[in-house]
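# quick one: sequence and predicted model below, then my questions.
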Amino acid sequence: MPKGWTARKSNYFLVIFGEKYDAEHPVNRGVYPHRKGHVSGAGVAVGDVLLLVQDLEAPGIGVVVDVDTGGEPEVIYYQFFPCDPPVIWGSLDALRSAIPSLRDPLNYIGNWLQKIDSGLFRKAIAGAQIKWP
């Protein structure tokens, strides 16, 4: 069994890659760093599912394979699965419409992590197919 895995219901998270991290950590690389306390505080665990957002589009989803909360930054490691076609919102208002529970203040200065309902997750990617291996 994978490190840290336990049989439990998966949680769903909206994960936004801020401008500051885009070049260093592209969405398809499977690494999401965040400041100390954010990953551990959100309760991200192996088996959780991430809606990966960059530049107001979701190029794919991630399934968490490991979490490191011992250092600065805390890091989520995930398996990347592309969306076909990518989900494109085009504006912050459209993203807020797709995920009404989005917390404020939301900006693209840094990374953003928020737990979301599984129904909102499904609604947000409606129309896109996941490219499974």
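That came through fine. None of these values were measured; they are calculated from a predicted model.

# return the helix or strand in this protein with minimum mean pLDDT.
Among the helices and strands of the chain, helix 19-22 carries the lowest confidence by mean pLDDT, DSSP states H and E, at a mean of 66.

# helices of this structure, start to end?
Here the chain has its helices, by DSSP state H, at 19-22, 38-42, 92-98, 118-124.

# any chance of the ones you listed in JSON lines, with mean neighbour count and distance to residue 130 too?
C-beta coordinates here come from the backbone N, C-alpha and C atoms, glycine included. Below are the helices of the chain laid out as JSON lines (neighbours: other C-beta atoms under 10 Å; distance: least, C-beta to C-beta, whole Å):
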{"stretch": "helix 19-22", "mean neighbour count": "14", "distance to residue 130": "22"}
{"stretch": "helix 38-42", "mean neighbour count": "17", "distance to residue 130": "23"}
{"stretch": "helix 92-98", "mean neighbour count": "14", "distance to residue 130": "17"}
{"stretch": "helix 118-124", "mean neighbour count": "15", "distance to residue 130": "11"}
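
# quick check: buried residues in the longest strand seen in the chain?
Across the chain, the longest stretch assigned as strand under DSSP state E is strand 74-88. Buried positions in strand 74-88, judged by neighbour count with 16 or more other C-beta atoms under 10 Å: 74, 75, 76, 78, 80, 81, 82, 83, 87.

# repeat for stretch 16-35
For stretch 16-35, by 16+ other C-beta under 10 Å, it's 16, 17, 21, 25, 27, 30, 31, 32, 33, 34.
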